Each structure stands twice: as C-alpha cells, then as structure tokens.
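Novice: Next one to model:
(2 chains)
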Amino acid sequence: MRRAPRRPAVALLVVAVAAVAFFALPLLGLLQQARWSTLVDDLTSPGARDALRLSLVVSLGATALALGLGTPLAWVLARAAVPARSLLRSLVLLPMVVPPVVGGTALLAALGPESPVGGWLDDAFGVVLPGTTTAAVLAAAFVAMPFYVITVEGALRGVDRRLEQVAASLGAGRATVLRRVTLPIVGPSLVSGAVLAWARALGEFGATVTFAGNVEGQTRTLPLAVSLRLQEDQGSGIALSLVLVAVSVVVLAALRDRWLRTP
Amino acid sequence: MTLLADVRVRRGALDLVVDLAVASGTVTAVVGPNGAGKSTLLAAVAGHLALDAGRIALDGTDLDAPPDVFVPPEDRRLGLVPQDHLLFPHLSALDNVAFAPRARGVPAREARARAAALLERVGVGAVADLRPRALSGGQAQRVALARALAADPAALLLDEPLSALDARTRIEVRRDLRRHLVGFAGPTLLVTHDPVDAFALADHVVVLEGGRVTQAGPLAEVTARPRSRHVADLVGTNLLPGTAAGTTIRTDGGLEVVVAEPLHGPVLATIPPTAVALHRHAPEGSPRNRWSGTVADVDRLGDRVRVRLAPPVGLVAEITPAAAAELGLREGDPVWASVKATEVTAYPR
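Specialist: From the prediction side, this is the model:
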C-alpha cells in the first residue's frame, strides 16, 4: 500500500520552526546583550529602585481597582437582565483593542485639567491628576480591567445555576449562596483574571505616558524607565527589561494549568 | 402533615396544571415522558419557580399562594435530591452534607459531626473526605440524599434520583433509598420515568402528560388499569413482588414464575404485557411459564386489547384486536397464559 505524500507536513514544520525562532530570538538577544557584570548595580540604582517600587504600587493598585469594580461588573454582565448587554460588553472590552496611546489621550481629554471633570477636581480639591501616581494607576486599570472582567464573566456563566438553586433549597440565602457556592467555584478564575490584569498593568506604557506623563518617582514605572534608558544607556535598559521578562515567565508558570494545558 | 400542590404554571410551550396531595410518611411518584412538566412541577414546589395561580402548602402553611404569599426556597424546609446529584464540586462529601446545617447557623464542628453521622447512615462514611469528582455514581447519589436529610426537611423532593446510575448500582441504591424513605416521617414527592422505581419506592402515582394529570391513584391500581394507551406505555407493566429460589420465583400473589437467571431472596419481577401470550387450550412449546386462569376483564386501548386475568394469575396481556377477536375472550372465560422465562426481568429488592 502506498503511503500518502508527507511533503505538506514538512513544509508546515519548517514554517512552524521559523515562527518559534521569531518568538525565541528577541529573548535570546536580550540575554546575549545583557551586561551581566553590572546587572546588580543597574537594578539597584536609585532610578531603577524607584521604577521597581512604582511599578509594584501602580500594578497592584490597578489590580485592586479591577477587582473592586470588575467583579460586580462581571456579575452584571453574566447574570443581570441588562438592556443592550452586548453593547455594554463591547464598551468594557474596548480598552483591549484600542491603542493604549489613544486610551491615554481619551483619559486626558476626560480627566485632564482642561476637561470639565478635571477642572472641577482642581477647583474643589486642588487635585490635578496628570503627573501623579493616581493617574498612573487609573491608566493601568483602564487597560488592565477588561482582562479581569472577561475572565470572571466567562467563569460566572460557566457556573451551573442549578447548584445555586440546590444551595438555596438547603437553606442558604443569596449572600450565603454567593459566599459559599458561587465565589468558591469561580475562585480559580478570579485569581487567574487578577493575575492577567496585573501582568497587563505591569507592562502598561502608552496610556500611562500619555495621561500620567513620565515623572520620575511619580509615574515612571519600569516600562517607562526602560524606554528612557535605552536612549542613554542600553545596558541598564536591558537589565530592567530582564526584570519584566522574569515576571512574565513567573506569571505564565503560575497560570500554566489554565493557558498552557493542551485540551 | 401533608404536602399540597395545586400548581398552575405557564412556561414557554408548557402549560402545567397539577393538583396533588402527599400525606406524611407516604411517597407519591410523578411519572411522565420528557417535557411533561415533571421538573417544572418540582421546581415550583421547591420555590425555584413562582406559581401563576394555585397554592402550595406544607402542613397547612402556605409556601406559594399568588398573589400574596411566596416563601423563598431557603425558607421552605424541603430536602431536594436533584437529578445528577449536583453535589457542590468544591466541597468534600462531608462538607456537602454539612452545608445545610451550616447555612442555618449551626456551628461548624457540630454541623460536621451531624454530617458524618448521616454519611454513615446512608452507607458512605468512608468517602467523607473525598470531593464529588472522586465519587462513584452510587456514592454521589447517597451523599446527595444525606445532604438533603441534613437539612432536617419537612418534606423530600427527589428528581430522578436513580436515572444517572448504571443498572447494578441502581438496584442497590434503589433498595437503600426505599429503606430511608420508609424511615422518613414527612411526605415525599418523587419524579421518575421508570415504573420499577415508582413501584419500589412509591405508594401513589401521578401520571403527567403534556402538563396534565392523565391518571392518579394507588400505584398497583394504575399499573394494572391504565386508562389510556399512553399511561399503559408509561406504567402499564406487570409488577410481581415475590421471593426467588434459583430460577423460580414464588410471587406474593401465589404464582410460580420461572426466570432465566437464578436469584435468591426477595425480588421484584416485571413482565411486559406484550410478552404475555393467551391461549384457549393448554399451550405446548418453549415458554417455561404456563398458567391457567380466567379472564377478569377486557379493555380496548387504542390499537391494542388489554386482557386482565383474575387472581391468582392476575397478569395483564396486551394482544391485537384481531387476536382478541379470534380468541373471543369474555369475562369469566377460562384461558391459558404463557410467558418465556427470558421475558421476565427480576430485581432483588
């Protein structure tokens, strides 16, 4: 019996290898160009320490905001009888597809000192958002929250409603059902949604630089510091980049069950 | 104590009108094809669905009486054993059973002690620490029963409690379930599509078709005298409780029935009416079971004729109108019935 020709598979394999190389080469380049001898100094310089601290504060602040606002929003999208649900969902997901610079521009237009809201904040409280860490948190939350919302909404949709009905018939009120059945079942998704949002917030650049600006000690997070340093001292920029790569690898490892499992 | 359910609900294509009462310590089985409204009826009693009209009451207290009264599910004190067990996947068997007492404010330690005792009682104490995923179908169904009983319910609602089980497990769980239902003081409403389950567990049967009750009454009466072709198809089978010794079963009605596979102890034998052949004279040939009796009555149901034989034979035979005409059977006529041993299904009970 003649075997079917295998050539198309070989061609696919070649292209696939090229694709892998396309992903792997930049990483290898980063490792190859790294200035290992001064790595510790590069990461502990005052500017780098500030950027690390700010990145931590801003990304965690944005994640907290995403959890606090995003969990009820995900619940409403998944469960409540809201009009124009798909329109609402598109609005929530828009920051995922809109270029971050445009997002930052929009935030500036809405909350900057020239805007009605920004003017009111200034008049009433003397608060001017751009240039502050708060603005950096808002910018990061704007781009990161959709990741959390879609993850949690999907998980809530996947919960068998009959489990909640059974819980109710066993004497559990709505709050108890939420606390002891619904949330524990979607728990893993809350965590992975939060980690995804946190990773996105950590890498946020465009919206931050546009809306919050690039102010050392206030808004200059790791990505902003990397881009700035690459213009002056490539070695220290690469050192900071390696930190972000390391964080990403850890995130991916933490979420491997969810994203890397072959179905 | 009685569960009253006068249910009128319209839901999509289903227009459900059911009026039934279940007395304390008795089990009523609701039997019907898919889409007949069985699950909707149970959802309404459980409070997952509000009545359009009618009344649901337990021990004289209204649970749902539109437009004034609607008691939410968590305050109805009903023990629900849902289809496919629906155990909470994130809790161990023990914590599943402890859920109801915990929800009612019993301290964790006490709730878990009570749950452990209940698991022991339904025979699955050994799996207390396992998650539902790790349980077999039979174990999960027992845990689901323990979870419902842990709520200290005034009434039990069972939704197809045996349908997800394989044949062998089904027999065991059915037997255990029967024991627990006998020990339960309140009314029990059971939804099933299997007349054998209904016979093993229930005292009364309500046949539901297209949202309407087509027949209701004591189980033996409904299975022996179905009033419509549909009811006959659903529940109209010959159910013979008896005691087996090898391949011979002596029924409680005094009949000897030969079966193909040997069994011992108390059994329930079923013979489909279509498997019973009738003869004017003593038949010869392969059927191992041959009885002579007299015709009790003859009923025409749709395209079939149901001939009931008087006790002790007491069987129902379904034959074609042509065969009935040829035999010319009337009440009181002598007749022979034959059944192949392979047509008799027997379960331990």
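Novice: so what secondary structure elements neighbour the one helix or strand residue A:167 maps to?
Specialist: For residue A:167, the enclosing helix or strand under DSSP states H and E is helix A:161-169. In terms of contacts (3 or more Cβ pairs under 8 Å, 6 or more residues apart in numbering or on different chains; DSSP states H and E), helix A:161-169 is packed against helix A:174-177, helix B:38-46, strand B:78-81. Quick note: C-beta positions are derived from backbone N, CA and C, even for glycine.
Novice: Taking their axis directions, that helix and helix B:38-46 sit at what angle?
Specialist: Here helix A:161-169 runs at 30 degrees with respect to helix B:38-46, directions being taken by axes from the mean of the first three to the mean of the last three Cα atoms, to 10 degrees.
Novice: list the buried ones in helix A:161-169?
Specialist: Along helix A:161-169, these residues count as buried under the neighbour rule (16 or more other Cβ atoms under 10 Å in any protein chain shown): A:163-169.
Novice: ok, and what's touching that helix?
Specialist: The list of residues contacting helix A:161-169 from outside it, by Cβ atoms under 8 Å, 6 or more residues apart in numbering or on different chains, reads A:174, A:176-177, A:180-182, A:185, B:43, B:46-48, B:72-74, B:76, B:78-80, B:82, B:86, B:88-89, B:99, B:103, B:151, B:157.
Novice: Buried among those? Need that as a selection in ChimeraX.
Specialist: Written as a ChimeraX command, the selection of buried residues from those, which uses 16+ other Cβ under 10 Å, is:
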select /A:176,177,180,181,182,185 /B:43,46,47,48,73,74,76,78,79,80,82,86,88,99,103,151,157
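Novice: Partner strands of the lengthiest strand in chain B, with direction?
Specialist: Determined from DSSP state E, the single longest strand within chain B is strand B:256-271. Partners of strand B:256-271 in the sheet, by DSSP bridges, are strand B:238-251 (antiparallel), strand B:345-348 (antiparallel).
Novice: weakest of those strands in terms of mean pLDDT?
Specialist: Ranked by mean pLDDT, these bottom out at strand B:345-348, which scores a mean of 82.
Novice: returning to that earlier point: would you convert the helices and strands packed on helix A:161-169 into JSON lines that also reports distance to residue B:266 and mean pLDDT?
Specialist: Converted to JSON lines, these look like this (distance: least, Cβ to Cβ, whole Å; pLDDT from 0 to 100):
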{"stretch": "helix A:174-177", "distance to residue B:266": "43", "mean pLDDT": "91"}
{"stretch": "helix B:38-46", "distance to residue B:266": "29", "mean pLDDT": "92"}
{"stretch": "strand B:78-81", "distance to residue B:266": "25", "mean pLDDT": "91"}
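Novice: Whichever residue of the stretch 151-300 of chain B sits closest to chain A and residue A:178: what is the separation?
Specialist: When distances are taken as Cβ to the nearest Cβ, the stretch 151-300 of chain B reaches nearest to chain A at residue B:151, 5.2 Å away. From residue B:151 across to residue A:178, the span is 19 Å (Cβ to Cβ, to the nearest Å).
Novice: just residue B:152 next, same as before
Specialist: Applying Cβ to Cβ, the value for residue B:152 to residue A:178 is 24 Å.
Novice: do the same with residue B:27
Specialist: 34 Å.
Novice: What pLDDT does the model give residue 188?
Specialist: Picked chain A for this. Per-residue confidence for residue A:188 comes out at a pLDDT of 87.
Novice: wait, chain B
Specialist: According to the predicted model, the pLDDT of residue B:188 comes to 94.
Novice: Equivalent analysis for residue A:44, please.
Specialist: The predicted local confidence for residue A:44 comes out at a pLDDT of 83.
Novice: how many neighbours does it have?
Specialist: One way to gauge burial is a neighbour count; for residue A:44, by other Cβ atoms under 10 Å in any protein chain shown, it gives 10.
Novice: Dead centre of chain A: give me the residue that sits there.
Specialist: The residue at the geometric middle of chain A, judged as the C-alpha nearest the mean C-alpha position with Cα atoms, centre = their mean, is residue A:200 (2.0 Å).
Novice: Now do the SS call for that one.
Specialist: Assigned by DSSP: H, G, I helix; E, B strand; the rest coil, the conformation of residue A:200 is helix.
Novice: List the residues that contact it.
Specialist: Counting by Cβ under 8 Å, 6+ apart, the residues that residue A:200 touches are A:140, A:143-144, A:147.
Novice: before we move on, what about residue B:15?
Specialist: Contact analysis of residue B:15 by Cβ under 8 Å, 6+ apart lists residue B:211.
Novice: Which strands or helices does the strand or helix carrying residue B:221 pack on?
Specialist: When elements are defined using DSSP H and E, residue B:221 is found to belong to helix B:219-224. With contacts defined as 3+ Cβ pairs under 8 Å, 6+ apart, helix B:219-224 has these neighbours: helix B:195-201, strand B:204-209, helix B:229-235, strand B:238-251.
Novice: As JSON lines, those with mean neighbour count would be great.
Specialist: Rendered in JSON lines, the data for these read as follows (neighbours: other Cβ atoms under 10 Å in any protein chain shown):
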{"stretch": "helix B:195-201", "mean neighbour count": "23"}
{"stretch": "strand B:204-209", "mean neighbour count": "24"}
{"stretch": "helix B:229-235", "mean neighbour count": "20"}
{"stretch": "strand B:238-251", "mean neighbour count": "18"}
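Novice: okay, those in a markdown table with distance to residue B:163 next?
Specialist: Formatted as a markdown table, the entries for the helices and strands packed on helix B:219-224 read as follows, by distance: least, Cβ to Cβ, whole Å:
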| stretch | distance to residue B:163 |
| --- | --- |
| helix B:195-201 | 9 |
| strand B:204-209 | 16 |
| helix B:229-235 | 15 |
| strand B:238-251 | 19 |
